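Asks: Any chance you can model this:
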Amino acid sequence: MKKEKNTRWLKVRSLLNTIHLWLGVGSGLILFVVCLSGTVYTFSTEIQKITDAELYTVEARPGSKRLPATTLIDQVQHAQGPGIVQTVVIPEAENGSYQVTLVIPEAAPTDAPPKGGQGGGKRTTFFIDPYSGKVLGTNETNSSAFFGFMFRLHRWLLLDTAIGRPIVGVATMIFILIILTGLVIWFPKKVKNWRQGLRIKTSANWKRVNHDLHNALGLYASVFLLVMALTGLTWSFEWYKKGVTNVFGGGQRAEQAPLQSTVVHGATASLETYQLAADKVLAYGGDYRFSLPADSLGVVNVSKTKNTFFATSVADRLTLDQYSGAVLKTELFSEKPLNEKILSSIKAIHIGSFYGTFSKIIYFIACLIGTSLPVTGVMIWINKLRKKKKRSTSSEEIEDEQSVAA
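Replies: Numbers count the residues shown, from 1 in each chain. Below is the predicted model of the structure:
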């Protein structure tokens with residue numbers, strides 16, 4: 001009876017091994033590109049703050065005060081010509097620059113229909129010294145272009161979104177199957193040898209080292225890679241995204257009517273008014289991001305994130321009336337139920353920022369391992385093909401010798 005179970009297990013293991021092999025060979029190149037671009041993109045923000053330090057950091061002189069944000073916005077609009085302010089980022093750091101994103105209208109043919117709101121136009125982010133009001137530059141830098149390239153490569157393989165998105169999505173689904181089958185076939189035929197799958201025998205020949213790199217590192221990174229793949233599918237397939245939302249009970253929230261400002265006679269409130277209202281609710285240090293309304297009924301959306309090493313990138317959010325600055329809605333991440341925390345953290349879970357820089361380091365290593373798996377896997381496959389070919393050649397030589405002797 002025990003022998004029959006072992007035989008069945010060996011057959012299942014052999015089948016899973018075959019599935020694992022051919023799925024890996026068939027999708028290896030795409031998975032390599034997606035994992036590599038994801039690895040490079042992990043610390044894109046941090047790298048840009050280093051390479052473009054002249055944009056992100058300013059000199060904070062002792063005793064000097066920041067100019068009002070409204071004044072800075074007016075200066076940018078005056079210097080750049082007509083444009084609609086879409087977002088304003090106010091950093092907590094005293095030596096941090098302000099970021100103002102303008103939607104600059106594009107010239108359209110006279111017979112073209114007008115574009116409403118902020119939909120038509122080019123979005124450009126201007127970095128401003130909050131002490132002098134000087135425009136330091138825009139987000140159109142070489143490093144920004146490089147990481148934009150990596151982002152498109154990761155999401156769409158540089159193809160049209162209608163083509164690239166499903167290709168990456170299907171490859172990601174295959175990757176999930178590869179991870180699951182890999183976890184099963186990782187277990188050794190003899191249970192007592194399980195420890196061998198956890199280490200890399202560096203003293204062995206390169207074939208054994210390559211095999212251990214694939215098995216051991218693949219096991220260590222499997223959980224993180226599986227989480228990345230499962231969350232990444234939300235950007236590839238709308239049906240998957242809706243399914244995840246429904247599973248975690250987000251459907252009812254999506255059906256709620258959007259909030260609107262109460263229209264009054266007079267101008268909208270200043271950005272300083274919005275920040276004061278936000279400070280009363282979000283009384284802690286962090287970076288602010290203000291998304292300004294596109295029309296007279298729109299609201300001001302405020303998000304605030306902390307900057308500590310272990311702080312999550314998931315922001316606390318407020319919705320304000322654009323005229324009075326009154327708080328219409330408060331969304332504190334810490335007060336959300338578990339299901340809504342998960343839904344709010346999909347992006348943070350995917351890119352590894354759910355626990356600040358600490359989790360991003362772990363994700364970077366896991367994604368780097370994921371990049372290596374198609375390479376080490378293909379090398380294992382090639383070595384097996386060579387071994388089979390060598391055995392076949394040896395068998396043919398033996399048969400030839402026996403026929404000659406006969």
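
Asks: OK, contacts around residue 75?
Replies: Counting by C-beta atoms under 8 Å, 6 or more residues apart in numbering, residue 75 touches 128, 133, 135. Any C-beta I mention is one placed from the backbone N, CA and C, and that applies to glycine too.

Asks: And what about residue 261, helix, strand or coil?
Replies: coil (DSSP: H, G, I helix; E, B strand; the rest coil).

Asks: Residue 351: how many residues sit nearby?
Replies: Counted with other C-beta atoms under 10 Å, residues neighbouring residue 351 total 20.

Asks: Can you pull up the most central residue in this protein?
Replies: Of all residues in the chain, the one closest to the mean position by C-alpha atoms, centre = their mean is residue 351, 3.5 Å from it.

Asks: Make sure it is actually in contact with residue 362.
Replies: No - using C-beta atoms under 8 Å as the test, residue 351 is too far from residue 362 to be in contact (11.9 Å).

Asks: that older thread, can you pick the most crowded of the contacts of residue 75?
Replies: Going by other C-beta under 10 Å, residue 128 tops these with 24 neighbours.

Asks: Can you check the pLDDT for it?
Replies: Residue 128 is assigned a pLDDT of 95 by the prediction.

Asks: Over to residue 173?
Replies: At residue 173, the predicted lDDT confidence score is 97.

Asks: wait, what's in contact with residue 183?
Replies: Counting by C-beta under 8 Å, 6+ apart, residue 183 has contacts 219, 222.

Asks: Could you do residue 325 as well?
Replies: Residue 325 makes contact with 269, 273, 274, 276, 277, 300 under the criterion C-beta under 8 Å, 6+ apart.

Asks: Show me which helix runs longest in this structure.
Replies: helix 356-405 (DSSP state H).

Asks: Tell me the gap between that one and the middle of its chain.
Replies: Here the centre of helix 356-405 is set off from its chain's centre by 31 Å, with C-alpha atoms, centre = their mean, to the nearest Å.

Asks: so what does that helix touch, helix or strand wise?
Replies: Where contact means 3 or more C-beta pairs under 8 Å, 6 or more residues apart in numbering; DSSP states H and E, helix 356-405 is packed against helix 2-41, helix 206-212, helix 218-232.

Asks: how about low-confidence regions in this structure?
Replies: For the chain, residues meeting the criterion pLDDT under 70 lie at 1-5, 106-120, 189-193, 250-256, 391-406.
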